[in-house]
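Visitor: Curious how this folds, go ahead:
(2 chains)
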2 protein chains.
Amino acid sequence: MQSTSPDVERPALPAVVRRFHEALPPDLVITDPQQLRTYECDGLTSHRVVPAVVVLPETAEQVQQVVRICAEHRVPFVARGSGTGLSGGALPHADGVLLVTSKMRRILEIDLANERAVVEPGVINLDVTRAVAAQGYYFAPDPSSQQVCSVGGNVAENSGGAHCLKYGFTTNHILGLEVVTPDGEIVQLGGPAREAPGYDLLGAFIGSEGTLGVVTKITVRLLRKPEAVQTLLAGFASTDEAGAAVSAIIADGVTPAAIEMMDALAIEAAEQAVQCGYPPGAGAVLVVELDGPAAEVEHTFAEVKRHCREHGAFEIRVAADDHDRAMIWKGRKSAFAAVGRISPDYIVQDGVIPRTALPEVLGRIARLSAETGVRVANVFHAGDGNLHPLVLFDDAEPGAGERAEAVSGAILDLCIEHGGSITGEHGVGADKVKYMGRMFTADDLDTMQRVRCAFDPVGICNPGKIFPTPRLCGEVPGPRRGVHPLTEAGLADQF
Amino acid sequence: MQSTSPDVERPALPAVVRRFHEALPPDLVITDPQQLRTYECDGLTSHRVVPAVVVLPETAEQVQQVVRICAEHRVPFVARGSGTGLSGGALPHADGVLLVTSKMRRILEIDLANERAVVEPGVINLDVTRAVAAQGYYFAPDPSSQQVCSVGGNVAENSGGAHCLKYGFTTNHILGLEVVTPDGEIVQLGGPAREAPGYDLLGAFIGSEGTLGVVTKITVRLLRKPEAVQTLLAGFASTDEAGAAVSAIIADGVTPAAIEMMDALAIEAAEQAVQCGYPPGAGAVLVVELDGPAAEVEHTFAEVKRHCREHGAFEIRVAADDHDRAMIWKGRKSAFAAVGRISPDYIVQDGVIPRTALPEVLGRIARLSAETGVRVANVFHAGDGNLHPLVLFDDAEPGAGERAEAVSGAILDLCIEHGGSITGEHGVGADKVKYMGRMFTADDLDTMQRVRCAFDPVGICNPGKIFPTPRLCGEVPGPRRGVHPLTEAGLADQF
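Guide: Numbers count the residues shown, from 1 in each chain, chains lettered A, B, ... in the order given. Presented below is the predicted three-dimensional model:
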């Protein structure tokens, strides 16, 4: 799965390790094979590569030293936060350095008056909220892994979460970054002010999956906790009915904090795993959460209930308190893991379609499943059309993995066909490089590669990720440099 | 003010004009000096340059042809929408082509179910809203110039407006772009889905002030019109009191659609110009607008009134209907032009500070004004700390322009000193290149220049804008390519 940068020199590794030992305290450099093995994969466990060396820098200056040493020796490096990513974005390089940020866990500054905080990249997502919750603030991005994932990883993958329908992705909550570029410069992207002049490289860096540098400081936006939150669980006979209710809610101008949908198979799995008590016999459930000023939530919640009822909800359960709310969410949040109860193996897919294409695409997935005999459980952020089909298989059965892989790929093709995307929030990483060519033209990809080469011409920064045809930057077709008018006739057919 | 790209060949111009005549209908190519003069400036009228030739393409393919011809002949080009920009971003190049998009005014697609539309770059901002208003939708970015400015120009400058406190800048309302790159490729950035894989070059392109290519199609996000809108005008004795009210409102967790402040001199100017009937004797007024579900607005509006009263508002006027609301906004929206009534000349400044620094910075501006005798009227988006000081002078008085320029620059220094920005929404353009070095380190600027060079290595796409030291891309310090381990000792001090 992984491509080796042709420019990389394996013999440089012993020299690099020697330099690391000179630059860093001994316990921050790991070369013991047994210990290295614990870093062989991230959340995409189907891909495993043991790194040549692991470093655990504690400061931005140490990150800079590590990157400079790698740059001098042309040794590839991969940054890793908590390793919870689902696309293999932090998959190590066999001939390279894994730069783990888990020792960079300081919250450096909290400025509530201006609603922002500065944190190091290894800080756990939920710890940001914990640090400001008593004062009534929180950090909005809430991936399911928020108890363990790092803010640096959220930045790399532009992580979403159940509430990004209303609050947006990580990119909407980052004000500025300090970054070590692949050649070892420390630069500032964005800044404390809401808008900065020049190019928005902050936005380009966020979601670049660790290919443009290593983040060392993050200025995050803090939000006031909403005055009121209301959550309901609605049971429908089918995903079509539930989908129609979603469309009606959105068309009414309501933006819930979250609208999540689960289909019958996903409900079954969650029920077996955590006994969440979802409505028996439901072909689909919706979890709808509203937040905001109490007066707004109360009014809008009534509207949401009406739309659910009008579109066939046979049971609507409203969370009376935080415990109820937690139980409703428990079923949804445990769905991925729960699928392990009903199938020995599964692929977590992640794709996006326009919300209006939901019924059509779900119908096509059901047919695909019926035709191939591969079971698919659907869990998704229905409000913004972000599907998470779970494709079930048993690896012990010959050919089952390949069939599941084929169905999983066919679902991405459906997303592309409907004008959507091959990933909503998990990223391309090592897993989806092969699909990039289906979504983008060669010119589109070359434009991205040129930017990558502007940051990393040698190709040492997380090589083999995102792009389907990794190659030396000299091979990326550069912008045409034009020709002298006198010779233009002879070259005209190049244009 | 303008720098000539050293790589540009003036003798190529006649050949370029000949090629334009071959490629485009005759009325789309302007070379008549009289007609060319009408394009000599945008909204920054202190900077004027007559372009060598103007083209008015009608389609993306014609834009591509124009750009390819420029690229082949290494002739610089500048794209221009309606020419309302205030930083000279569309200032022409004397030896170059001005590519005007005013004939690209088609709304190509409206998809209300998915809340989006596809428009050409010359479409007037307000015409997007007009096309969908009957169905209850609107396009949120609302620069003061929205009756004449183009969506393409909004994309180039990442335009804001009074309501970006709640709704964000143009970048928050663009889903995808079709762009002609400086070498004449047509590429897609972003797309209809909310999140796309790969780098967020959509975000980097938006606000790049025409230096990365020419936009030819724009997929915009449409919002549902809010159920209710409430607007109030509050009079305070001083900007300090008004500022304290703003802080109290925000600290309470309220996000108004807009909070605008005007000081005494700005009020005086507006009053003379449009008789808006603002409270007599006020040292500052706030315009606060709330929108959303009626229940929310009603509840929150009461809170806002309370905060205003508690912080010294001596008069609060609530708009009873759309006419009243229009009158309240009329004073604010006409403020820039109105200043012309009280001063023959003025500079519209645009800077950002953290909201909490408002009292301190306004105090410093007042002192600066007292010390220099240069009058400054302050109009600003108080909610997000975006100042628009209007620096008044009389060009007939010797040295007055220079003194005003000095005060205007000193205000930007204040913004930088307080952790803000040298532009909130007007851009750097030709006007503020000289301030970029005060806000960014050389490494920060080089990182941006590398991206520019990735798109435009010859430097023909809106050269002389944004960057303080325009130079050939070969001169931008590239990322260090590392050295062979054997030679590292000799080069170590470079790192």
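Visitor: On the three-state scheme, the nearest residue to residue A:333 once chain neighbours are set aside is what?
Guide: Counting by CB to CB, 6 or more residues apart in numbering or on different chains, residue A:144 is the residue found nearest to residue A:333 once chain neighbours are left out, at 5.4 Å. Every C-beta, even on glycine, is put in place using the N, C-alpha and C of the backbone. Three-state secondary structure (criterion: DSSP: H, G, I helix; E, B strand; the rest coil) places residue A:144 in coil.
Visitor: Next, the contact list for residue A:144, please.
Guide: Applying CB atoms under 8 Å, 6 or more residues apart in numbering or on different chains, we find residue A:144 in contact with A:161, A:162, A:333, A:336.
Visitor: let's see 10 Å
Guide: When the contact criterion is CB atoms under 10 Å, 6 or more residues apart in numbering or on different chains, the partners of residue A:144 are A:84, A:86, A:159-162, A:329, A:332-337, A:388.
Visitor: So for it, what's the pLDDT?
Guide: Residue A:144 is assigned 87 on the pLDDT scale.
Visitor: now the strands for the stretch 251-400 of chain A?
Guide: All strands of the stretch 251-400 of chain A, identified by DSSP state E, counting those that start in this stretch, fall at A:258-263, A:284-292, A:315-318, A:345-348, A:351-352, A:376-381, A:386-393.
Visitor: My error: substitute the stretch 1-150 of chain A in the last question.
Guide: Under the criterion DSSP E, counting those that start in this stretch, the stretch 1-150 of chain A contains strands at A:29-30, A:53-55, A:77-80, A:97-100, A:107-111, A:116-119, A:137-138.
Visitor: can you put the ones you listed in JSON lines and add mean pLDDT and mean neighbour count?
Guide: Output for the strands of the stretch 1-150 of chain A, formatted as JSON lines (pLDDT from 0 to 100; neighbours: other CB atoms under 10 Å in any protein chain shown):
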{"stretch": "strand A:29-30", "mean pLDDT": "98", "mean neighbour count": "19"}
{"stretch": "strand A:53-55", "mean pLDDT": "98", "mean neighbour count": "23"}
{"stretch": "strand A:77-80", "mean pLDDT": "98", "mean neighbour count": "27"}
{"stretch": "strand A:97-100", "mean pLDDT": "98", "mean neighbour count": "26"}
{"stretch": "strand A:107-111", "mean pLDDT": "97", "mean neighbour count": "14"}
{"stretch": "strand A:116-119", "mean pLDDT": "96", "mean neighbour count": "22"}
{"stretch": "strand A:137-138", "mean pLDDT": "96", "mean neighbour count": "20"}
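Visitor: Of those strands, which is nearest residue A:463?
Guide: Proximity to residue A:463 (CB to CB) singles out strand A:77-80 among the strands of the stretch 1-150 of chain A, at 8.5 Å.
Visitor: Render the CA-only coordinates of the closest one in PDB, please.
Guide: Output of strand A:77-80 as PDB, limited to C-alpha atoms (Å, rounded to 0.1, in the frame of the first residue of the first chain):
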ATOM      1  CA  PHE A  77       9.100  11.300   8.600                       C
ATOM      2  CA  VAL A  78       5.400  10.800   9.600                       C
ATOM      3  CA  ALA A  79       3.800  12.800  12.500                       C
ATOM      4  CA  ARG A  80       1.400  10.900  14.700                       C
END
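Visitor: who does that strand touch, helix- and strand-wise?
Guide: Secondary-structure packing of strand A:77-80 (3 or more CB pairs under 10 Å, 6 or more residues apart in numbering or on different chains; DSSP states H and E): strand A:53-55, helix A:60-73, strand A:97-100, helix A:151-157, strand A:214-221.
Visitor: Show me what the third one pairs with in its sheet, parallel or antiparallel.
Guide: Using DSSP bridges, the neighbouring strands of strand A:97-100 in the sheet come out as strand A:53-55 (parallel), strand A:77-80 (parallel).
Visitor: So which of the helices and strands packed on strand A:77-80 is the most surrounded?
Guide: Using mean count of other CB atoms under 10 Å in any protein chain shown, the stretch among the helices and strands packed on strand A:77-80 with the largest mean neighbour count is helix A:151-157, at a mean of 30.
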